[in-house]
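Student: Would you be able to build a 3D model of this:
(one chain, ligands or ions: 1)
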Amino acid sequence: MSKADKIKILCVFGTRPEAVKMAPLVKALQASDVVDCVVCVSAQHREMLDMVLDIFDIIPNYDLDIMTKNQDLAQITTKTLNGLMDVIGDVMPDLMLVHGDTTTTMAASLAAYYAKVRLGHIEAGLRTHNKFAPYPEELNRRIVGVCADIHFAPTITARDNLLAENVRAGSIFVTGNTEIDAVAFVTKDDHKFKNDMLKNFDFAGKRVITMTAHRRENYGKPFENIFNAVLRIADDFDDVEVVYPVHPSPVVQGSAQKMLSNHPKVHLIDPLDVDDLQNLMARSHLVLTDSGALQEGAPYHNKPVVVLREVTERPEGLAAGCLVLGGVDEQTIYIATARLLNNDVMYSDMCNAKNPFGDGLASQRILESILYYFGRTSQKPNEFNT
Ligand code: UD1
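Tutor: Down below sits the predicted model:
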């Protein structure tokens, strides 16, 4: 097929989690002979983004390189918006694809709207219905939803959220979450860790808790509460070791180093490559996190998650029994975690809960949905349904 007859798709992302979740889709688009795939990164994240691009062997066609230390939301928005208007003018895509709820995603969606380019939203329809939790992600994804022409909802719950907002049913495809595609790609029984501390870690003799905490709404007092709960868990359970790859944000680094760096059983390490992180979770006992992606990835490894937030936009995980809400109070986090460490029946029930987020085929479904939408096939792909 000549280049002119292909569907030209501009994929835009900027942070590590978007990159992880977009990477399998970019690979699927690149492999299709009906699609001309162009990649633009905002580089809202720099090193953490480059680590993912490297692992999935993706070389962006455009790199806006916007990251600055301690960037604020307005800077991310304006730089991404301005940069993308030029890229869109250059590429003239038939479709732009964005992912999830970051500020790169929101600004890119506005750019698509201003340029009157068709927009597809991957991981559409997640909602907490509280515009400050998570902040600013809940508002970001709602704005993207208003701009989007095609909505790739990972689950039926996400589709129902969109239908409740009067999104046209025919524009929604239920695909599963591409996080699971990516996690399956990097998880290996014989994985060799690159991180020096993990290379020699006694995974067989210890119960390892993988933890991450980085969200803006948890800055300040919630971080303090989370860290105090973790210190108590490390003190009270002899065989527990906590491994915390700390986000490079100066705010997160400052809080974590100040409160946790002196405990011998709490290991603060540099951010991990996606393959090290997933294989760390696979060898851990349980996961404590405020991240969205880890809530989806840990159940793939059959590991329970204590969610370090008041609410989650991933209620499927609560319903399936893979996640429990720990909140952001010291006592509630301590109790939720200690219960899992003390109660073997509860622990194994959570380990055995079925992953409701995806089956590793989301990227393929999204590609097929795009071909269907553009009339290149009459076959509508089957929905992902747990
Ligand atoms: C962003 C997303 C959040 C996502 C998270 C994943 C927004 C508003 N937030 O939040 O939804 O969960 O990414 O990490 O879009 N930094 C580096 N190197 C990097 C990355 C970050 O030094 O590779 C530092 C910079 O100082 C930067 C700070 O971290 O200013 C914060 O990064 P930013 O993207 O603004 O916010 P995140 O908290 O990462």
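Student: hey, let's count contacts and neighbours off CA atoms from now on
Tutor: Fine.
Student: Strands of this protein, start to end?
Tutor: Using DSSP state E, the strands found in the chain span residues 7-13, 35-41, 62-63, 95-99, 119-122, 150-153, 172-174, 207-212, 240-245, 266-269, 286-289, 305-307, 323-325.
Student: Show me what the fifth one is packed against.
Tutor: Looking back up the chat, that one is strand 119-122. strand 95-99, helix 103-114, helix 137-147, strand 150-153 (3 or more C-alpha pairs under 8 Å, 6 or more residues apart in numbering; DSSP states H and E).
Student: which bits of the stretch 51-200 of the chain sit near the ligand?
Tutor: Selection of the stretch 51-200 of the chain residues close to the ligand by C-alpha under 6 Å from any ligand atom yields Thr68, Lys69, Asn70, Gln71, Thr102, Thr103, Pro136, Glu137.
Student: Next one: the first one relative to Ser249, how far apart?
Tutor: Distance, Thr68 to Ser249, using C-alpha to C-alpha, to the nearest Å: 11 Å.
Student: Next: the last one.
Tutor: For Glu137, the distance to Ser249 (C-alpha to C-alpha) stands at 17 Å.
Student: Of those two, which one has the most company?
Tutor: Glu137 (23 against 13; other C-alpha atoms under 10 Å).
Student: List the contacts of the more buried one.
Tutor: Counting by C-alpha atoms under 8 Å, 6 or more residues apart in numbering, Glu137 touches Asp101, Thr102, Thr103.
Student: let's go with 10 Å and repeat that
Tutor: Listed by C-alpha atoms under 10 Å, 6 or more residues apart in numbering, the contact partners of Glu137 are 100-103, 105-106, 126-128, 131, 143, 215-216.
Student: what's the answer for Asn302, then?
Tutor: So Asn302 contacts 281-282, 284-286, 322, 348-355 (C-alpha under 10 Å, 6+ apart).
Student: Need the phi and psi values for it.
Tutor: Backbone torsions for Asn302, taken as degrees, to the nearest 10, come to phi 60, psi 40.
Student: what does the model give it for pLDDT?
Tutor: Looking at Asn302, its pLDDT is 97.
Student: I figured Leu325 hits Val307, correct?
Tutor: Yes: because the distance of 4.8 Å satisfies C-alpha atoms under 10 Å, Leu325 is recorded as touching Val307.
Student: Now the common contact residues for those two.
Tutor: Asp290, Leu318, Ile333, Ala336.
Student: give me every residue that touches Glu47.
Tutor: Thr15, Arg16, Leu53, Met67, Pro248, Pro271.
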